[in-house]
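Novice: The sequence and its predicted three-dimensional model are supplied below.
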Amino acid sequence: MLGFTLVEILVVVVIAGIAIAIAVPNLFVSDEERVRQEAQRLMLLVEQVRDRAAFSGYPIAMRMSDEGIVFMERDPTSVAPKWQPAQSRELSPRAWRDGVAVELVGADPAGAASQVAFLPAGVGAPFRLRVFMAGASGSPATTSGAKRERIIEGDALGNVRMLP
């Protein structure tokens, strides 16, 4: 007869429990990891747009909204500085991922100044982008809240870096 004792069944259950305890945290990405990944992606995108403006000879702007980024180009036919949505496929609008949001620190809440512009000369206005979980409120008061946001900073010379 083939039978299992209670001890054998308990050993199998314990091993299965340990395997599940190890696997579950790796299956679901934490909020901190989502923010880190989106900040890294955004930083690379900012550098790409900066380089594109420098090499193309035309100013390009990144307009931030609750939904994502819309890329803008200066209208070459207009005398006044007028921005229009970019026509290039590489500069198509992009949505934020996984509940992450981005805001331009110090921007006008009405959205008029919520864009970062890159000039062909490689210089532009300094900026700070705050990447955070959309459900998180304002500035975090706890240490764990501080990990749920990242700051991307750009200086007037076009250098971009992520603050620790």
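Specialist: Yep, that arrived.

Novice: How about L91, nearest residue that isn't a chain neighbour?
Specialist: Excluding its sequence neighbours, the residue lying closest to L91 (CB to CB, 6 or more residues apart in numbering) is F71, at 3.8 Å. Just so you know, the C-beta spots here come from the backbone N, C-alpha and C atoms, and that holds for glycine as well.

Novice: Give the pairing partners of whatever helix or strand the one you found lives in; include direction for each.
Specialist: In this assignment (DSSP states H and E), F71 forms part of strand 68-74. The strands that strand 68-74 pairs with in its sheet are strand 60-64 (antiparallel), strand 83-85 (antiparallel), strand 94-95 (antiparallel) (by DSSP bridges).

Novice: quick one, which of these is packed in tightest?
Specialist: Per-residue neighbour counts averaged over each of the strands paired with strand 68-74 give the maximum for strand 60-64, namely a mean of 22 (mean count of other CB atoms under 10 Å).

Novice: Low-confidence ranges, this protein, go.
Specialist: Of all residues in the chain, those with pLDDT under 70 make up the ranges 1, 107-113, 136-147.

Novice: So in it, which helix runs the longest?
Specialist: Scanning the chain for the longest helix, with DSSP state H as the assignment, gives helix 31-56.

Novice: Can you point out the buried residues in that one?
Specialist: Residues of helix 31-56 classed as buried by neighbour count (16 or more other CB atoms under 10 Å): 31, 34-39, 42-43, 45-46, 49-50, 52-54.
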